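Novice: Build me a structure from this.
(one chain, ligands or ions: 1)
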Amino acid sequence: MFQDLQVVDFHAHLAVPGDPSHGGGSKRTPPADADPQVAERLRVRDKQNQLARRQWRQAYDFPEPESDEYTPAEQGERWIAELDRHGIDRVCFVTGGGNDTLASVVAAHPDRICGMAHHDPTAPDAAAELERAVGSLGLRGYKMFAPRIDVPLADRSLYPVWEACERLGIPVLIHFGMLGAAGGVSYHQNISPVVLEPVARDFPTVDFVIPHFGIQHVTDLLFLCWSCPNVHVDSSGSNQWVRWMPYPLTLDDLFRKFYETIGPSRLLFGSDSSWFPRGFAIRYLQDQVRIARLMNMPADELALIFGGNARRLLGLDTGA
Ligand SMILES: [Zn+2]
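Specialist: This next block holds a predicted model:
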């Protein structure tokens, strides 16, 4: 238990060697024969981005990420210790080195760790792979980064994937808004959650979850939630994107606004934890629990936001 809450972290990433599936915006590096002036500009840009990341770590008193590599099985063990240390019931990894790798870690700790499929939805076999990842491997959702999908989300070519989600009864977690740390992507045809509305309407039994309060598209997300009751929101990460909004906006504001519009049953806590030695980003949980408690949320609503909603969407109540 964390305080009196059975916490499920709906959104974390299992960091495994060679898996760049989290973060990572544009990784443009100059070709060997690049104009020296271009190469110099890109070098300066990379330096600025590194400084921005360091500033963020210092602001939260986070350690430097480790450079050691651990196997997926070792990472699973480290995460169990981390959950125990902080009193967290379960974690859902939304990426983790591909479906087979992540499923192997889930299978070793089925009562504490669950996972989502994460593969290219535009691949010809994407729907079949999703059926395999859920039906055979035991994953419980599907994670996408919309700004990495190079067809509009409502394109008919993706409908077999949405139909598979509907058949399987799994939630779909879709990142919209700026992607990666400083220097990442902030423009793309799928950057705003508005593009999801036709899909969310056509698949009313599929639960879609939009992380990080929709990032810079918070208004679009609020209206999407107004339009489609099957759209949910996760609170994961530092939410430092609020710094770039052109008006004052805090995590407290976001909790209040979403709570008063969509209510407690469509809000899910997530940490967006990934790397060690930070491990589980307890800081984010502490901040969010404090905000919710100071809003005078009743105990049953706190229980939903910090675990119950995740259990319901991931189908964790039946079983373990
Ligand atoms: Zn994430």
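Novice: Tell me both backbone torsions, phi and psi, for the closest residue to residue 190 other than its chain neighbours.
Specialist: Spatial nearest neighbour of residue 190, excluding adjacent residues (Cβ to Cβ, 6 or more residues apart in numbering): residue 146 at 3.9 Å. Quick note: C-beta positions are derived from backbone N, CA and C, even for glycine. Per-residue torsions, residue 146: phi -60, psi -40 (degrees, to the nearest 10).
Novice: Surely residue 146 touches residue 152?
Specialist: No. At 9.8 Å, residue 146 does not count as touching residue 152 under the criterion of Cβ atoms under 8 Å.
Novice: For the helix ranked longest in the chain, what does the pLDDT average out to?
Specialist: Longest helix in the chain, counting residues (DSSP state H): helix 36-59. Mean per-residue pLDDT for helix 36-59: 89.
Novice: List the buried residues of that helix.
Specialist: Within helix 36-59, the residues scored as buried using 16 or more other Cβ atoms under 10 Å are 49, 53.
Novice: and residue 93, what helix or strand is that in?
Specialist: Per DSSP states H and E, residue 93 falls inside strand 90-95.
Novice: Now residue 209: which helix or strand?
Specialist: strand 208-210.
Novice: if you average pLDDT over that strand, what comes out?
Specialist: 98.
Novice: List the buried residues for whatever helix or strand residue 130 lives in?
Specialist: Taking DSSP H and E as the definition, residue 130 sits inside helix 126-135. Residues of helix 126-135 classed as buried by neighbour count (16+ other Cβ under 10 Å): 126, 127, 129, 130, 132, 133, 134.
Novice: and if you look at stretch 240-257?
Specialist: 240, 241, 242, 249, 251, 253, 254, 255.
Novice: Just to check, the third one is in contact with residue 257?
Specialist: If I follow you right, that is residue 242. No. Taking contacts as Cβ under 8 Å, residue 242 lies outside contact range of residue 257: 11.9 Å.
Novice: Show me the common contact partners of the two, please.
Specialist: Shared contacts of residue 242 and residue 257 (Cβ atoms under 8 Å, 6 or more residues apart in numbering): none.
Novice: which helices and strands does the helix or strand in which residue 166 is found pack with?
Specialist: Taking DSSP H and E as the criterion, residue 166 maps to helix 159-168. Where contact means 3 or more Cβ pairs under 8 Å, 6 or more residues apart in numbering; DSSP states H and E, helix 159-168 is packed against helix 126-135, helix 197-202.
Novice: Apply 10 Å and report the result again.
Specialist: helix 126-135, strand 142-145, strand 172-175, helix 197-202 (3 or more Cβ pairs under 10 Å, 6 or more residues apart in numbering; DSSP states H and E).
Novice: quick one: contacts of that helix?
Specialist: 117, 119-131, 133-135, 139-142, 144, 153-154, 170-172, 199-200, 202-208 (Cβ atoms under 10 Å, 6 or more residues apart in numbering).
Novice: for the nearest residue to residue 9 once chain neighbours are set aside, what are its contacts?
Specialist: Closest residue to residue 9 apart from its sequence neighbours, by Cβ to Cβ, 6+ apart: residue 91 at 4.4 Å. Counting by Cβ under 10 Å, 6+ apart, residue 91 touches 7-12, 14, 79-80, 82-83, 109, 112-115, 270-271, 273, 280, 310.
Novice: Next, the buried residues of stretch 59-71.
Specialist: residue 62.
Novice: Name the residues that touch it?
Specialist: Here stretch 59-71 has contacts from 15-18, 53-54, 56-57, 74-78, 97, 101, 105, 238, 240, 274-279, 281, 283-284, 287, using Cβ under 10 Å, 6+ apart.
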